[in-house]
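Student: Sequence first, predicted coordinates after that:
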Number of protein chains: 2
Amino acid sequence: MQRPVSAFTIDLYELTMAAAYWTRKIHASASFELFVRRLPANRNFLIAAGLERALAYLENFHFEPEEVYFLRQHPVFHNIDKGFFDYLGNLRFSGEAWAMEEGTPFFPDEPILRITAPVIEAQLFETALLSILGFETAIASKAARVVHAAQGRPVAEFGSRHAHGPDAALYAARAAYLAGCTSTSNVEAGQLFSIPISGTMAHSFVMAYHDEVQSFTDFVGIFGNQTTLLLDTYDTMRALDGMIGAKLHPRAVRLDSGDRLALSKQVRTRLDEAGLEDVKIAVTGDLNEWKIEELLRQGAPIDAFGVGTEMATSKDDPVVSCVYKLVRIEAGAKPYYRAKLSAEKQTYPSCKQVFRFYGEDGLLDHDVLTASGEQMPGGEPLLKKVMVDGRRTSSKVLPLQDLRDYCSAQRRKLPERLLDLHQEQKYRVDVSSRLIDMLEELREAQGVEL
Amino acid sequence: MQRPVSAFTIDLYELTMAAAYWTRKIHASASFELFVRRLPANRNFLIAAGLERALAYLENFHFEPEEVYFLRQHPVFHNIDKGFFDYLGNLRFSGEAWAMEEGTPFFPDEPILRITAPVIEAQLFETALLSILGFETAIASKAARVVHAAQGRPVAEFGSRHAHGPDAALYAARAAYLAGCTSTSNVEAGQLFSIPISGTMAHSFVMAYHDEVQSFTDFVGIFGNQTTLLLDTYDTMRALDGMIGAKLHPRAVRLDSGDRLALSKQVRTRLDEAGLEDVKIAVTGDLNEWKIEELLRQGAPIDAFGVGTEMATSKDDPVVSCVYKLVRIEAGAKPYYRAKLSAEKQTYPSCKQVFRFYGEDGLLDHDVLTASGEQMPGGEPLLKKVMVDGRRTSSKVLPLQDLRDYCSAQRRKLPERLLDLHQEQKYRVDVSSRLIDMLEELREAQGVEL
């Protein structure tokens, strides 16, 4: 179940444009595509995420009566015929959507969503769709790197406290799980999306006692041996000695600060000496993919990671710079293709399809960006029709667990070089000659030189 | 009116700790403080924001029956007495809160919020409070820099599309307005918080027409001369010539791409030649405080800015690393002070007050961090009691406009050096000798060397 998104998650200009189209009786069918112009910093690929919430938003799209009233009273709309507000009050999404499945790796210029509907309608969704898909894609793409760095060890998502508000915390947890994390600390994400939830004690629990060991003994007494004890409130090794002295045998101990390479080795040695070979070591605290990679490269005996802030905010680059662009508009029987031609922000015209080609090793080899309707034998088309007449094509919503499995299979098909955490690596995306021809024709028509 | 925040915006460990406290009958009164350990990158000060939503969350805090049911079924709680779930079902915030007013500049180690309540309760709010206050503070602090760079020119917040989801978009708009922006594109923020909303047309509107000038003519025909026309869909100067040729006289033109220093000068010259001296130039597109400062330094004739992504995500550093730490717990009649003593993450014990001292010029001179109850003659205490017995001390919620005015007055009291956009500048925060003594005593009691 997705948290609802208000139709008022909208920039004013989408409503002023709607009023202009309505006034001029422009109801031509238009297609908009959502894609990124370039990759964020440190990313060699992106993982598409957020589609479920985006489709739920589209299916439920409507303006509440008080929202229509608010607009009607607003000075900017004073010249607009009152019929426009009746139109808004009755407006629902009536069009078609094509999309890449959540969990699919993708690259610049490749649309992950296309909306086709009367222009007045299709352009209303820009802000909400960009915000939903861009954010979840940013987090999933970051999480895929973190999960890769952990080399199969479980990664718990812990970042709710520093996410951009409660709703971002919830959806960061979802995106991180989609991309391979094994659990989240966010209880709402556990409830709404059936993500495994994890977490035991904070430093404040230890600090609420006069005696650290007593806090451990109480906690194990209550939750049993399947719990995790936090060692670094005062002094990690002393806390460990206290735990061992009290004959406690938790499932794991957690290190949240200090030199976690040295400490994890010391803790492992001491645990093993005490016959606690099966007690796991979990490490948390300001981690990211590079720190995890380095800890493991240096042989830190760590069994599990908890990653918070850096993953839940995609801290090194918190934005996937996606755009939602008009690519086609139909006036009468004839479609007109559209592209933005200004120097920095050029786009390709026409509705598109992305075909993916795999090498003999089964890994991604290259993609081809084509006009929709073009055929590319041997290529896998990535965009599928997901909505028609404003409703989903399938009434069955895939469980998040299935999307996570799909994403995992997709990530395994990425060539190793794209998974490098340090080197920028390009993936080949060809553009079909038909698309290039259409762009040239458009430039000629506009008198802009290619 | 604030958007509600679920009590399930919570990390699992807060609930496991609650179960442990409940089982051991630990209901001691505890105080937690929310503060930052260090400033984000490129920030010399922070602007406190998010308090209104935080207080609304605390006042409405409760678990829904289905949430209690979810927990009760969860394996981690299988050993917990069923009485705990009845306790959770009836739990409301019963304590006290002290806070800095929204819009107040603050610095590391200074608490902006303190919660005092039975420990089981007070520790439940950690995740939600950090997420709410940390996020809005991040955006307000970034926006204050952008507004400063614009030197009095209006700054419109345009970042919803790249915010971390729809809820983050709404609250980024609120925080940016609090910190001095003049409007937002986010319509929901206009409706809920009475923020002025702005926006006219996107490139897609121009692209929906065969003729760019016709799109301008239509738009002005509908919205009148108080609108803004977007010039850079194809070629900025050609679009301007078309607009002038059609005898259009909008309030402003907008430049969203290209070399905006050169273009703004060319556009200004051409407008003036055409007798359109009163037509303003608005500039948007990937702006931040440094780009605005540089444009103005080079004499760009820009009248207004629109800033999106970089402000709505605090892109250069998207996280205010705030923490919520136990500082005091009362067992029986005697209070125990608490601090985390581990090397990287040391904190000060005791409930605190922050006193601000001003120089003869009326500007901030230095602050003193004290134990609560200490007096500092001549200093302004920044923390005020805002909730008691789980309810606000004042039934009157300050309008956002008043908070914005207060913030504006506060920003004018910042010394110029702190407003430098390039140089790191430290502000003096002294710590009272009593606080230092308390920290030393605590280290001695724990056997940790100072």
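Tutor: Everything's here; your move.

Student: Report the separation between residue A:421 and chain B.
Tutor: Remark: distance between residue A:421 and chain B (C-beta to the nearest C-beta, to the nearest Å) = 20 Å. From N, CA and C alone the C-beta is placed, and that goes for glycine too.

Student: What sits closest to that residue if chain neighbours are left out?
Tutor: Closest residue to residue A:421 apart from its sequence neighbours, by C-beta to C-beta, 6 or more residues apart in numbering or on different chains: residue A:289 at 5.4 Å.

Student: What about that neighbour, how many residues nearby?
Tutor: Residues lying near residue A:289 (other C-beta atoms under 10 Å in any protein chain shown) number 24.

Student: give the contact list for it.
Tutor: Residue A:289 sits next to A:142, A:145-146, A:148-149, A:421 when contact means C-beta atoms under 8 Å, 6 or more residues apart in numbering or on different chains.

Student: One more: residue A:205?
Tutor: By C-beta under 8 Å, 6+ apart, the contact set of residue A:205 is A:215, A:219, A:230, B:17, B:20, B:123.

Student: Would you mind giving the contacts of residue A:289 as a markdown table with neighbour count, pLDDT and secondary structure added?
Tutor: Shown next, in a markdown table, are the contacts of residue A:289 (neighbours: other C-beta atoms under 10 Å in any protein chain shown; pLDDT from 0 to 100; DSSP: H, G, I helix; E, B strand; the rest coil):
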| residue | neighbour count | pLDDT | secondary structure |
| --- | --- | --- | --- |
| A:142 | 32 | 98 | helix |
| A:145 | 27 | 98 | helix |
| A:146 | 26 | 98 | helix |
| A:148 | 21 | 98 | helix |
| A:149 | 24 | 98 | helix |
| A:421 | 16 | 98 | coil |
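
Student: what about residue A:111, neighbour count?
Tutor: Residue A:111 has 28 nearby residues by other C-beta under 10 Å.

Student: Once you drop chain neighbours, what's closest to it?
Tutor: residue A:33 (3.9 Å).

Student: my guess is that neighbour meets residue A:338, correct?
Tutor: No: Residue A:33 is beyond contact range of residue A:338, at 10.5 Å (criterion: C-beta atoms under 8 Å).

Student: Quickly list what's touching both of these two.
Tutor: The contact sets of residue A:33 and residue A:338 overlap at residue A:327 (C-beta under 8 Å, 6+ apart).

Student: Give me the buried subset of the contacts of residue A:205.
Tutor: With burial judged by 16 or more other C-beta atoms under 10 Å in any protein chain shown, the buried subset of the contacts of residue A:205 is A:215, A:219, A:230, B:17, B:20, B:123.

Student: give the contact list for the second one.
Tutor: Residue A:219 makes contacts with A:200-201, A:205, A:227, A:229, B:20, as judged by C-beta under 8 Å, 6+ apart.

Student: got it, and the fifth one?
Tutor: Neighbouring residues of residue B:20 by C-beta under 8 Å, 6+ apart: A:201, A:205, A:218-219, A:222-223, B:26.

Student: Could you identify the most distant pair in the residues you listed?
Tutor: Spatially, the most separated pair among those is A:223 and B:26, at 15.2 Å (C-beta to C-beta).

Student: Of the two, which one has the most company?
Tutor: Ranked by neighbour count (other C-beta under 10 Å), residue A:223 and residue B:26 place residue A:223 first, with 23 against 19.

Student: pLDDT score assigned to the more buried one?
Tutor: pLDDT for residue A:223: 96.

Student: residues touching it, list them.
Tutor: So residue A:223 contacts A:200, B:16, B:19-20, B:76, B:79 (C-beta under 8 Å, 6+ apart).
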